[in-house]
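Asks: Requesting a structural model of the entry that follows:
(2 chains)
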Amino acid sequence: MLEKREIILGENEPYIINMGPQHPSTHGVLRFELSLLGETVQKVVPHCGYIHRGIERMCEFNTYQQIIHLTDRMDYLSAHQNNEAVSLCVEKALGIEVPERVKVIRTILSELGRLASHQLWWCAFGMDLGALTTFFYGLRDRERILDIFEESFGSRLLHSYICPGGLMNDVHPNFQKRIKEFIPYFRKKLPEYDKLLTGNVIFHERSKGVGIMSLEDAISYGVTGPSGRGSGFACDIRKLQPYSAYDRVDFKEILYNEGDTFARYKVRLDEMWESLKILEQLVDQIPDGDFTAKMRPVIKLPEGEYFQSVETARGELGVYIVSKGDKFPVRVKFRSPNFSNLFVIDKLARGHKIADLVAISGSLDLVIPDIDR
Amino acid sequence: MGIKIKSMDYEDFNDNDTLEIFKKSGGSILMSTVDSLINWGRSNSIWPLTFATSCCGIEMMAAGASKHDFARFGMEVYRATPRQADVIVIAGTIVRKMAPVLKRLYDQMADPKYVIAMGACAVSGGPFYMHTYSVVRGADHIIPVDVYIPGCPPRPEALLYGVMQLQRKIKAESKKNRTESRDNFI
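Replies: Residues are numbered from 1 along each chain as shown, chains lettered A, B, ... in the order given. Model prediction:
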């Protein structure tokens, strides 16, 4: 005889659901395994590997000039910074000093890349919280930066422009003019971002006090970049170990101590102002000279282990190269910022609702191919 | 007589011969009149699935945003669930772990469904063709692809051109040859 029983799912025991791999608010193919009690998140288990392309393995079969084309595809929103990391590491190993012109142009490109990345993050974050207008405003300004990139490098997103020894080719003659046009344009548009989202009451309700990360958590999980700086963790590689032309520019490291979603949002918006400040200082100071140092066509690194880290738009990217004196590296390891930033999400999301999990993962600004490589 | 898309001349498109053969293999006169009306409706409201694995997804977003504006082709409504989508734009690399998920997404979509392979990775594996153990070399190993868009990543204009090609394909097809192309896919 069958007995009728009423079972209410998730009432007493955790209810497991999957979020992803195809989910619009994970910004790619990330999968969260959520353990829910009602609508409250008890536990988040992130699953990686849905876009694991084996880039570190591929690096072992490619020369150092070819590797930079793979690093573009890792964190595609910080393509310039990723190229710069490998280039700086190879130059450090060879003991090459690049021309001043290269250093300044690299710094300008890094900051332009950071601006484009933060703009895209801003519109995606707004969309996560239900504000579709941000999508159109953010991408409108981003196109202006992409136009500058396109004129000089021929591509919009993945440039492979910074290479070991310098740059692929010289910048377009209009390069300086276009940036000078862009800076006042974006200075005028940035307050619009504040008007649209920062002062919005609904946005405040969704972001203030949500997903608080303490300074201890940020340090122990290795959360770097704007996400870490929102918790007061001074981790800006541009300040700690200045590379390229960062030692001669004046900018502020943005730090907030609240550690919530809103603090991480504010850090990125303020960083856009700082990036504009850096661009303004450097755009008139591009010295004349060669766009590349004298390099041999085949680069062979001396035997040893080399490490170099740069600050991408998402945090510290470290490149670790082991060489046996051959033209191919023996091992390349990337310390990617997103991989470290991802795993703190379990700590942040516990006790919040599912909707807040979307806000938290959006505020960490994850790029999934950089997690899986 | 060619297939007209948005005041663009028939000769401006490439690969017209394939389309003519495709069109000729259609059904009777009555059926083709009904088909042409249905196809006109279908081709002008293709709703894409929000599915982006990597870099090409950013260009797909850019194509949907202010400057390039997808909406001119009836494609602005990104759907988050495959059950409401008509076309799946495979924007990015498909790796072995993702392949079953992609197949499942495709199976969940309602007929008629179309696939656009956007970018070198979805076309053939692209930059990740050699020396890697995890990448599926082309999305057409898993699901049948209608339109291929090369580039790494393709410009938004290239995606728009691919969408127009898909619209032309939809306008040329009839019920018979649509199911045929699917059945022949192993």
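Asks: By residue count, what's the longest helix in chain B?
Replies: If you go by DSSP state H, chain B has its longest helix at helix B:156-172.
Asks: which parts of that helix are buried?
Replies: Of the residues in helix B:156-172, those buried under the neighbour-count criterion (16 or more other C-beta atoms under 10 Å in any protein chain shown) are B:156, B:158-172. In short, each C-beta sits where N, CA and C put it, glycine included.
Asks: Can I get it as CSV, trimmed to CA atoms?
Replies: Included here for helix B:156-172 are C-alpha records, laid out as CSV according to Å, rounded to 0.1, in the frame of the first residue of the first chain:
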residue,chain,number,x,y,z
PRO,B,156,30.8,43.0,-35.0
GLU,B,157,30.3,43.9,-38.7
ALA,B,158,31.4,40.3,-39.5
LEU,B,159,28.8,39.0,-37.1
LEU,B,160,26.2,41.2,-38.7
TYR,B,161,27.1,39.8,-42.1
GLY,B,162,26.9,36.3,-40.8
VAL,B,163,23.4,37.1,-39.4
MET,B,164,22.4,38.4,-42.8
GLN,B,165,23.7,35.2,-44.4
LEU,B,166,21.6,33.2,-42.0
GLN,B,167,18.5,35.3,-42.8
ARG,B,168,19.1,34.5,-46.5
LYS,B,169,19.4,30.8,-45.7
ILE,B,170,16.2,30.9,-43.8
LYS,B,171,14.4,32.6,-46.6
ALA,B,172,15.6,29.9,-49.1
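Asks: ok now it, how far from the chain's centre?
Replies: Between the centre of helix B:156-172 and the centre of its chain there are 8 Å (C-alpha atoms, centre = their mean, to the nearest Å).
Asks: Check the buried residues of helix B:156-172 against chain A and report the nearest one.
Replies: For those, the closest approach to chain A (C-beta to the nearest C-beta) belongs to B:Pro156, at 8.4 Å.
Asks: what's the burial count for the residue lying closest to A:Lys180 once chain neighbours are set aside?
Replies: Counting by C-beta to C-beta, 6 or more residues apart in numbering or on different chains, the nearest residue to A:Lys180 once its immediate chain neighbours are dropped is A:Val283, at 6.0 Å. Other residues near A:Val283 come to 19 when the count uses other C-beta atoms under 10 Å in any protein chain shown.
Asks: Distance of A:Val283 relative to chain B?
Replies: 24 Å (C-beta to the nearest C-beta, to the nearest Å).
Asks: Quick one: residues contacting that residue.
Replies: If a contact means C-beta atoms under 8 Å, 6 or more residues apart in numbering or on different chains, then A:Val283 has A:108, A:176, A:179-180, A:183 as its contacts.
Asks: what's the lowest-pLDDT member of the buried residues of helix B:156-172?
Replies: Within the buried residues of helix B:156-172, B:Ala172 has the lowest pLDDT, namely 75.
Asks: sec struct for A:Val298, please.
Replies: With DSSP: H, G, I helix; E, B strand; the rest coil as the basis, the three-state label of A:Val298 is coil.
Asks: My guess is it contacts A:Thr63. True?
Replies: Yes: between A:Val298 and A:Thr63 there is a contact at 7.3 Å, judged by C-beta atoms under 8 Å.
Asks: So between those two, which is more surrounded?
Replies: For A:Val298 versus A:Thr63, neighbours defined as other C-beta under 10 Å are more numerous around A:Thr63 (16 against 9).
Asks: Just say helix, strand or coil for A:Glu13.
Replies: Taking three-state DSSP as the rule, one finds A:Glu13 in the coil state.
Asks: A:Cys235 now?
Replies: Following three-state DSSP, the label given to A:Cys235 is coil.
Asks: List the contacts of A:Gly130.
Replies: With contacts defined as C-beta under 8 Å, 6+ apart, the neighbours of A:Gly130 are A:Ile202.
Asks: Can you tell me which residues in chain A are near chain B?
Replies: Near chain B, the residues belonging to chain A are A:21-24, A:28-29, A:49-54, A:57-58, A:60-62, A:69-70, A:73, A:76-77, A:120, A:123, A:135-136, A:139-140, A:142-143, A:146, A:156-158, A:368-369 when assessed by C-beta under 8 Å from any C-beta of the partner chain.
Asks: how far off helix B:156-172 does the helix or strand where B:Asp35 lies point, in degrees?
Replies: Secondary-structure element containing B:Asp35, defined by DSSP states H and E: helix B:29-43. Interaxial angle, helix B:29-43 versus helix B:156-172 (axes from the mean of the first three to the mean of the last three C-alpha atoms, to 10 degrees): 160 degrees.
Asks: quick check, distance from helix B:29-43 to the centre of its chain.
Replies: 19 Å.
Asks: Can you list the buried residues in that helix?
Replies: Neighbour counts over helix B:29-43 (16+ other C-beta under 10 Å) mark B:35, B:39, B:42-43 as buried.
Asks: again, but for stretch B:132-151
Replies: Burial within stretch B:132-151, assessed by neighbour count using 16+ other C-beta under 10 Å, is assigned to B:132, B:134-140, B:142-149, B:151.
Asks: ok, which stretches of the stretch 251-373 of chain A are helices?
Replies: According to DSSP state H, counting those that start in this stretch, the stretch 251-373 of chain A carries its helices in the segments A:261-282, A:337-342, A:345-349, A:354-363, A:368-372.
Asks: The residue lying farthest from the centre of chain B: which element?
Replies: For chain B, the C-alpha lying farthest from the average C-alpha position belongs to B:His131; by C-alpha atoms, centre = their mean, that distance is 28.7 Å. Assignment of secondary structure by DSSP H and E places B:His131 within no helix or strand.
Asks: got the end-to-end distance for stretch A:195-204?
Replies: By C-alpha to C-alpha, to the nearest Å, the extent of stretch A:195-204 from end to end equals 13 Å.
Asks: tell me the secondary structure for the most centrally placed residue in chain B?
Replies: Ranked by distance to the mean C-alpha position of chain B (C-alpha atoms, centre = their mean), the top residue is B:Ile116 at 2.8 Å. Here B:Ile116 takes the strand state, with states given by three-state DSSP.
Asks: Close to chain A: what parts of chain B are there?
Replies: For chain B, the residues found near chain A under the criterion C-beta under 8 Å from any C-beta are B:49-55, B:57-59, B:61-62, B:65-67, B:78, B:80, B:82, B:92-93, B:95, B:97-98, B:101, B:105, B:127-128, B:130-135, B:152-153, B:155.
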